[in-house]
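*Asks:* Starting from these lines, generate the structure:
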Amino acid sequence: MDTRTRALNLSRHYLQTLGFNGFSFQTIADALGIKKASLHYHFASKEDLGLALLEEYERSYKDWSEKVESLPAQKKLEQMLLIFYKMALDENKICPSGVLCSDFNTLPKNMKKQLLKFHEFQRAWLKDTLRQGVREKVFRKDLNIDATADLLLASVQGGLQMARLRGESETFKAFTKNLLKTL
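*Replies:* Take a look at the predicted model:
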């Protein structure tokens, strides 16, 4: 594995466990056993590293969404929630969007824009899936799509934080199971 990929993987771990402001280029360089200057060869700044992470998350989410496109809406949501549950199982990590939202006021302008773009993509996917579920008659026909999409995103991010706080990944699993019943 090349240095850039190793740095991104390590940065992803630090982001989801410590937050964007919880690690530095030096932290990554030390963990990789390289000089900080070597890291700068791949990323001009921590902002560039953050943008690369966001682009990777967005690309990964788009690839995933294409894979589940043909599923019924209920299954799509279950698969989405499974992604987040796996984060809870993995050292009670927090979703990248949730972490970066916490750090939002300290993020560089370009990262804020990229984060909002990623959020809007996730939100649009979720709204489409909710509409599909209404058409399939598995979700309530009076569902307020916009509000429900926001509620689901906020609930998932908050649920991961509760699971971390309590040190109980199963808290998140039970929480999401009940969340789906409300639809």
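
*Asks:* List of residues touching the helix or strand that contains Cys101?
*Replies:* Here Cys101 sits within helix 96-102, counting by DSSP states H and E. In this structure, residues lying in contact with helix 96-102 by Cβ atoms under 8 Å, 6 or more residues apart in numbering are 12, 15-16, 19-20, 53-54, 57, 107, 111, 115, 118-119, 122, 153, 157, 160-161. Quick note: C-beta positions are derived from backbone N, CA and C, even for glycine.

*Asks:* Only the buried residues of that helix, if you could.
*Replies:* 96-101 (16 or more other Cβ atoms under 10 Å).

*Asks:* Out of these, the closest to Glu170 would be?
*Replies:* Proximity of the buried residues of helix 96-102 to Glu170 (Cβ to Cβ) peaks at Gly98, which lies at 19.0 Å.

*Asks:* quick one: average confidence on stretch 16-23?
*Replies:* Taken as a whole, stretch 16-23 carries a mean pLDDT of 94.

*Asks:* Send me stretch 58-73 as CSV with only the CA atoms.
*Replies:* Extracted C-alpha coordinates of stretch 58-73, given in CSV (Å, rounded to 0.1, in the frame of the first residue of the first chain):
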residue,chain,number,x,y,z
GLU,A,58,-18.6,10.9,-1.3
ARG,A,59,-17.3,8.5,-4.0
SER,A,60,-17.7,5.5,-1.7
TYR,A,61,-21.3,6.5,-0.8
LYS,A,62,-22.2,7.0,-4.5
ASP,A,63,-20.7,3.6,-5.4
TRP,A,64,-22.7,2.0,-2.5
SER,A,65,-25.9,3.8,-3.5
GLU,A,66,-25.6,2.5,-7.1
LYS,A,67,-25.2,-1.1,-5.7
VAL,A,68,-28.4,-0.9,-3.7
GLU,A,69,-30.4,1.1,-6.3
SER,A,70,-32.5,-1.9,-7.4
LEU,A,71,-33.5,-2.9,-3.8
PRO,A,72,-36.9,-2.0,-2.3
ALA,A,73,-36.9,1.1,-0.1
